[in-house]
Structure formats: C-alpha cells, structure tokens
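Chemist: one predicted model, sequence on top.
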Amino acid sequence: MKDIAEYKRAFLAAFPYTIPIFAGFWFLGITYGIYMNVSGFSFWYPMLMSLTIFAGSAEFVATNLLLGAFHPLQALTVTLMINARHLFYGISMLDRFKNVGLKKIYLIFGMCDETFSINYTAEIPPDVDRGWFMFFVTLLNHLYWFAGATLGGIFGSFITFNTEGLDFVMTAMFVVIFLEQWLKEKRHESSLLGICLSALSLIAFGADGFLIPAMLSILAVLTLLRRPLEKAKGGACA
C-alpha cells in the first residue's frame, strides 16, 4: 500500500506538467501517422516506430529512408545529426538520474525534448519520489506520442484536411516553457546568452545548420562562465 501511494503521488504530480505536451504530441503524432499512411505504410508502421524509436523528427525522416534505397551509413549519420542535441541533454541530467535504479534505462530511452524540459525544470514536491516523478513524465509523454501516431495511421485514409503548419505547435509550446522558466529566474544571464548565441549561429550557419553550432557555443560559453554566473546568482539570493 505504501508503494501504491508513492506511485500515485508521483503520477498526480507529473500529470499536470504533461498536459501541454499531450496537445502538441497528439497533433504531431496524428500528422505523422497520416504522413506514413499517405506514403503507403500500414498503420502498424507508425504504431511500432512511435513505440520503439520515440524520436519525432527522426521518425519523419525515417519515412523517406524507408522509401529510398538501403543506406545504413546515411541513416546513421542523418539520425545522429538530428538527435545530436540529446548528448547535451544527457550531460545535463547526469545528477538527476543518480540513484533512480533500473528506471534510469527507460528515462534515458524516453528523454525527448519535451520530457527533458519538464524533468530538468520542474519543481518536484518534497513528498514525491524524484525517480518516479521523472518516470511518469517520460511514460505519459511516450504514450501521448504513441497514441497520436497510431490514431493517425489508422484514420489517415479518412482524413482529408490540410495538416500543413501543425508542426508549429511544438515551437509555440517551447516558447511557453522558456517564458515560464524566465519568470522563475531571478537573473537572466544564462537565458540571454542562449538567445544571443543562437541568433549568431542562425546568422552564421543558416536555419538548416545552426542547431549544433548553437548548442556547442552555448555549452562552451556557459562552461567558461559557470563560476561567475554561480557567484552572481549566489549574491542575488543573499
């Protein structure tokens, strides 16, 4: 009974954080399922891919890879480029994933952009187990994407409306997450550095190639300025 109460507290604490993700994942998941359907794939392709891959951008790209000639090295390179940002997510979550037991395996597998944003920034209540909170956030987001992709694959042949532009749902959601984090911060040096370095990378490398240079530059600058920023934050709290 004690374990059940612990799981329930963690689930109830995690669920509200995932509600915005639910809306975005269902839109994009259904779009992905429809895309797979009109590309000639049965519904079980998006269903199994969303369950076992769980990487939205890579799953969209995988559709074209499945339709083309088999080039495993190209598939590996493209997937690595698309998901290279997860290297930085993993480094950021090293401390948070300590002492969570076997749940760490699933947490690593299911750490998409949205799950990382919640698990990294959420204020977990003191009476809620951190590991189970992160587990339920990851599981719920995974199920949202899986359900949306499966429904899109099943009903894709019956839906005829234009889905162009639905991918902006994720952009809008991340803007909201950023603004919420901004309001929680007492000082905004790190956020401003991230914005400026991203803008410079966008100008230098263009929209298609700025993401990795932006992340590398942010990592390098924040690493160099870590101690001054920590001292400034400490002084602000004093």
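Modeler: Received, thanks.
Chemist: what is the strand or helix carrying A58 packed up against?
Modeler: Per DSSP states H and E, A58 falls inside helix 56-67. Counting contacts by 3 or more CB pairs under 8 Å, 6 or more residues apart in numbering; DSSP states H and E, helix 56-67 packs against helix 2-38, helix 44-52, helix 72-82. Every C-beta, even on glycine, is put in place using the N, C-alpha and C of the backbone.
Chemist: break this structure down into its domains, please.
Modeler: 2-166, 185-238 (automatic domain parsing).
Chemist: now the helix or strand harbouring A149 and helix 44-52, what's the angle there?
Modeler: Per DSSP H and E: A149 is located in helix 130-155. Per axes from the mean of the first three to the mean of the last three CA atoms, to 10 degrees, the angle that helix 130-155 makes with helix 44-52 is 170 degrees.
Chemist: which positions within helix 130-155 qualify as buried?
Modeler: Using 16 or more other CB atoms under 10 Å as the test for burial, helix 130-155 gives 130-142, 144-154.
Chemist: now do stretch 95-102
Modeler: Buried residues in stretch 95-102, counted by 16+ other CB under 10 Å: 97, 100.
Chemist: could the domains of the chain go into TSV alongside distance to F178?
Modeler: Below are the domains of the chain laid out as TSV (distance: least, CB to CB, whole Å):
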stretch	distance to F178
domain 2-166	9
domain 185-238	7
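Chemist: contacting residues for M81?
Modeler: Neighbour list for M81: I212 [criterion: CB atoms under 8 Å, 6 or more residues apart in numbering].
Chemist: my bad, I21
Modeler: 114-115, 118, 140-141, 144, 173.
Chemist: mind checking how far F136 is from F41?
Modeler: 31 Å (CB to CB, to the nearest Å).
Chemist: swap in K103?
Modeler: Note on K103: its distance to F41, by CB to CB, is 32 Å.
Chemist: equivalent analysis for R96, please.
Modeler: 37 Å.
Chemist: A5 now?
Modeler: In terms of CB to CB, A5 sits 43 Å off from F41.
Chemist: what's the answer for D3, then?
Modeler: 41 Å.
Chemist: in the protein, which ranges drop under the pLDDT threshold?
Modeler: 1-2, 157, 159-174, 177, 230, 232-238 (pLDDT under 70).
Chemist: just checking, what packs against the strand or helix carrying L87?
Modeler: Following DSSP H and E, one finds L87 within helix 85-92. Contact here means 3+ CB pairs under 8 Å, 6+ apart; on that basis helix 85-92 packs against helix 113-121, helix 211-224.
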